[in-house]
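A.B. asks: here is my input; please provide its structure:
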Amino acid sequence: MANLKELAESHLATARAEEHGRSAELVAHDGPLRQSVIALRDGVRLAEHNSPPAASLQVLRGRVRVDLDDESQGEFGEGELWILTHERHSVLALADSVFLLTTVTSQPGQDSRA
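C.D. replies: Take a look at the predicted model:
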């Protein structure tokens, strides 16, 4: 069982010390379901990437912004949960931040072995 508070603190400390300002860990994997803790130092951006069939972002600490091209999908703070877009997007830390990313990596009926 993962302790999210402890993981958030540990990964944020690592992100602050890393040259690229980020730290991540896959903390749960069950078939197509994956949950990762991701920490970003203030001002660090996860580059634009494709979205899986379903995903949510729950901010554990700090504040992040999800961007679609030149537009913002929204800003989210500690305790907020957001269903992510199905479009390519990036994530920018507006403060030192940690979030839980939950993804479903295949559609029902597809082979999800990974």
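
A.B. asks: show me the residues around the most centrally placed residue in the chain that make contact.
C.D. replies: Residue closest to the average C-alpha location in the chain (C-alpha atoms, centre = their mean): residue 101, at 3.9 Å. The contact partners of residue 101, by C-beta atoms under 8 Å, 6 or more residues apart in numbering, come to 35, 36, 37, 38, 55, 56, 57. Heads up, the C-betas are built off the backbone N, CA and C, glycines and all.

A.B. asks: just checking, the fourth one touches residue 46?
C.D. replies: I take that to be residue 38. Yes. Look at residue 38 against residue 46 with C-beta atoms under 8 Å: they come within range, at 7.5 Å.

A.B. asks: more crowded one of these two?
C.D. replies: In terms of neighbours (other C-beta atoms under 10 Å), residue 38 is the more surrounded of residue 38 and residue 46; the figures are 22 against 17.

A.B. asks: quick check: closest non-adjacent residue to the more buried one.
C.D. replies: Using C-beta to C-beta, 6 or more residues apart in numbering and skipping the chain neighbours, the partner closest in space to residue 38 is residue 24 (4.5 Å).

A.B. asks: host element of the one you found?
C.D. replies: Using DSSP states H and E, residue 24 maps to strand 22-30.

A.B. asks: flag every buried residue along that strand.
C.D. replies: Residues 22, 23, 24, 27 are the ones in strand 22-30 that count as buried (16 or more other C-beta atoms under 10 Å).

A.B. asks: closest to residue 51 out of those?
C.D. replies: For the buried residues of strand 22-30, the minimum distance to residue 51 (C-beta to C-beta) is 16.7 Å, reached by residue 24.

A.B. asks: list the contacts of that closest one.
C.D. replies: By C-beta under 8 Å, 6+ apart, residue 24 lies in contact with 11, 36, 37, 38, 39.

A.B. asks: any idea which of the residues you listed is the one closest to residue 78?
C.D. replies: residue 39 (13.3 Å).
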